[in-house]
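Peer 1: would you be able to build a 3D model of this:
(one chain, ligands or ions: 1)
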Amino acid sequence: MKRYRNGEIWDFEHEKIAVGGAFIRENSIFNVNKMNHSGRKVILGIDGGTTSTVCVCMPLIPFTQPLPDPLPVLARAVAGCSNHNSVGESAARDTLEQVMADALIKSASTRSAVQAVCLSVAGVDHPTDQDRILNWLREIFPSHVRLFVQNDAVAALASGTMGKLHGCVLIASTGTIAYGFTEDGREARAAGAGPILGDWGSGYGIAAQALTAVIRAHDGRGPQTSLTLGILHKLNLSSPDELIGWTYADPSWARIAALVPVVVSSAEAGDLVANKILHDAVQELSSSVKAVVQRLDLCGEDGKDYFPLVMVGGVLEANKRWDIGNEVMNCISKDFPGVRPIRPKVEPAVGAALLAWNFLMRECHQEPLTSYYS
Ligand SMILES: Nc1ncnc2c1ncn2[C@@H]1O[C@H](COP(=O)(O)OP(=O)(O)OP(=O)(O)O)[C@@H](O)[C@H]1O
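Peer 2: You can find the predicted model right below:
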């Protein structure tokens, strides 16, 4: 079977690639079969984010054994953004192909050793996103390879539950999302629609509120705040007027979101405006979790049923005095005393690999237990 991509001719059956009749691209998912390997079967877990994309290669752990601690990660590869909403379909796909190829090469494994792939990637918001990605994954891997495509929040949940899809995850980093599953497979999400559509508890949301408060104070439309000095000092600017040029120069969400620690410091020093911004963020983040928990009825009729809440992201990291993650937990546990917070010990890409492993194990229960691994 031949494929034509980026002006190159790929002979999929024979693992060859010709560019202008001569060049063979070394580091591609299509030619990793050129490498030596041990015959070991492997699983790929990919966490595709807006900042970076991580792929881990894990051996297929026998289903008869408990998961080892620490988990055996054969290789880890890192690439750039794979959110198709940010960089477009073609660039996202190239990044994902590259990071999978790198992980296979680093682990001295081959494409034919892959038994399952779980691609957990930002920008998978609709079944059509899932289908599109599954289709091109199917072009890469042989038909026996099991393929799973999920929103990146799902791998974050799995990283806290060791691959089990039950409970809720709250991510608060540059963006924010809450995502949950019931044990019988129902799912729900809240937020994660981007800052324009109301992700106010995110790093971007908090920092944008802080910048707005500085401009309002400067204009005389709002109360004075120590955020002014803190943010100007951090950005090496001398007047709030200069913030206008600073934001126009590069309005990228992560650049704005990086100001959250300044807001935390001002709040810890007693600034009322900064405190209000953080309290509002806590309410926003808690309401996302509560919406998911209620829609899925994770908490039972009296709100006391146990459910895990996996908490991920820089905004939820512990601070000395103003601990946003802790405040969110306090707020949620008032309504749902059965909530159990989990701070994952493994990264989301490992969560994605564990998801693939769990899916395989579930399927395998219909078959002799030894049939899926060597
Ligand atoms: N001590 C802190 N307290 C509160 N927020 C913090 C702290 N340190 C960093 N942050 C904020 O955390 C956010 C970054 O989070 P994180 O590193 O989890 O994700 P990210 O860079 O958005 O990457 P990804 O693409 O994986 O989401 C930024 O908004 C940053 O300002």
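Peer 1: mind listing what the spatially most central residue of the chain touches?
Peer 2: With distances taken as C-alpha atoms, centre = their mean, the residue of the chain nearest its centroid is D152 (3.8 Å). D152 sits next to D47, G48, G49, S120, V121, A122, V124, P348 when contact means C-beta atoms under 8 Å, 6 or more residues apart in numbering. Where you see a C-beta, it was placed from the backbone N, CA and C, and this is true even at glycine.
Peer 1: list the buried residues for the top helix by length along the chain?
Peer 2: The single longest helix within the chain, with elements called by DSSP state H, is helix 272-296. Along helix 272-296, these residues count as buried under the neighbour rule (16 or more other C-beta atoms under 10 Å): 273-275, 277-278, 281-282, 284-294, 296.
Peer 1: stretch 187-202: how far from the chain's middle?
Peer 2: Offset of stretch 187-202 from its chain centre (C-alpha atoms, centre = their mean, to the nearest Å): 14 Å.
Peer 1: one more: stretch 226-243?
Peer 2: For stretch 226-243, the distance to the chain centre is 32 Å (C-alpha atoms, centre = their mean).
Peer 1: same check on stretch 188-205?
Peer 2: With C-alpha atoms, centre = their mean, you get 14 Å for stretch 188-205.
Peer 1: and the ligand, is it touching that?
Peer 2: Yes: Stretch 188-205 lies within reach of the ligand by C-beta under 6 Å from any ligand atom, at G203.
Peer 1: any idea how far E301 is from the closest residue to the ligand within the stretch 251-374 of the chain?
Peer 2: Closest contact between the stretch 251-374 of the chain and the ligand, by C-beta to the nearest ligand atom, is at G314 (2.3 Å). Counting by C-beta to C-beta, to the nearest Å, the separation of G314 from E301 is 36 Å.
Peer 1: what of C81?
Peer 2: Counting by C-beta to C-beta - C81 and E301 are separated by 43 Å.
Peer 1: tell me which of those two has more neighbours.
Peer 2: C81 (19 against 7; other C-beta atoms under 10 Å).
Peer 1: quick one, phi/psi of that one?
Peer 2: For C81, the backbone dihedrals (degrees, to the nearest 10) come out as phi -70, psi 140.
Peer 1: quick one, what contacts it?
Peer 2: C81 neighbours (C-beta under 8 Å, 6+ apart): G49, T50, T51, S52, T53, V87, A91, A92, T95.
Peer 1: most neighbours among those residues, which one is it?
Peer 2: Ranking the contacts of C81 using other C-beta under 10 Å puts T53 first, with 27 neighbours.
Peer 1: so that residue sits against V87, correct?
Peer 2: No: applying C-beta atoms under 8 Å, one finds T53 not in contact with V87, separated by 10.6 Å.
Peer 1: report the set of residues contacting both of these two.
Peer 2: G80, C81, T95.
Peer 1: just give me the least confident of those.
Peer 2: Minimum pLDDT across these is recorded for C81, with 87.
Peer 1: quick revisit: so which of the contacts of D152 belong to helices?
Peer 2: P348.
Peer 1: ok, and of the contacts of D152, which contact the ligand?
Peer 2: Within these, those near the ligand by C-beta under 6 Å from any ligand atom are G49.
Peer 1: need the max-distance pair from the contacts of D152.
Peer 2: Using C-beta to C-beta, these span at most 13.6 Å, a distance reached by V124 and P348.
Peer 1: neighbour count: the two, which is higher?
Peer 2: Between V124 and P348, counting by other C-beta under 10 Å, P348 is the more crowded of the two (29 against 23).
Peer 1: who does the helix or strand hosting I43 touch, helix- and strand-wise?
Peer 2: I43 is part of strand 42-48 when elements are defined by DSSP states H and E. In this structure, strand 42-48 packs against strand 53-59, helix 89-106, strand 114-121, helix 152-161, helix 348-364, with contacts taken as 3 or more C-beta pairs under 8 Å, 6 or more residues apart in numbering; DSSP states H and E.
Peer 1: send me the third one as PDB with only the CA atoms.
Peer 2: Backbone C-alpha positions of strand 114-121 (Å, rounded to 0.1, in the frame of the first residue of the first chain) are rendered in PDB as follows:
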ATOM      1  CA  VAL A 114       3.100  -2.700  19.600                       C
ATOM      2  CA  GLN A 115       0.000  -4.400  21.000                       C
ATOM      3  CA  ALA A 116      -2.000  -1.300  22.000                       C
ATOM      4  CA  VAL A 117      -1.800   2.500  21.700                       C
ATOM      5  CA  CYS A 118      -3.700   5.000  23.900                       C
ATOM      6  CA  LEU A 119      -3.500   8.500  22.500                       C
ATOM      7  CA  SER A 120      -4.900  11.000  25.000                       C
ATOM      8  CA  VAL A 121      -4.700  14.300  23.300                       C
END
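Peer 1: low pLDDT regions in the stretch 251-374 of the chain?
Peer 2: 365-374 (pLDDT under 70).
Peer 1: residue numbers of it in contact with the ligand?
Peer 2: Close to the ligand, as judged by C-beta under 6 Å from any ligand atom, the stretch 251-374 of the chain has residues A254, A257, A258, V260, P261, V264, G313, G314, V315, E317, N319, I324.
Peer 1: most neighbours among those, please name it.
Peer 2: V315 (29 neighbours).
Peer 1: and the closest residue to G160 other than its chain neighbours, what helix or strand is that in?
Peer 2: In this structure, G160 finds its nearest non-sequential neighbour in V310, 3.1 Å apart by C-beta to C-beta, 6 or more residues apart in numbering. Assigned by DSSP H and E, V310 falls within strand 307-312.
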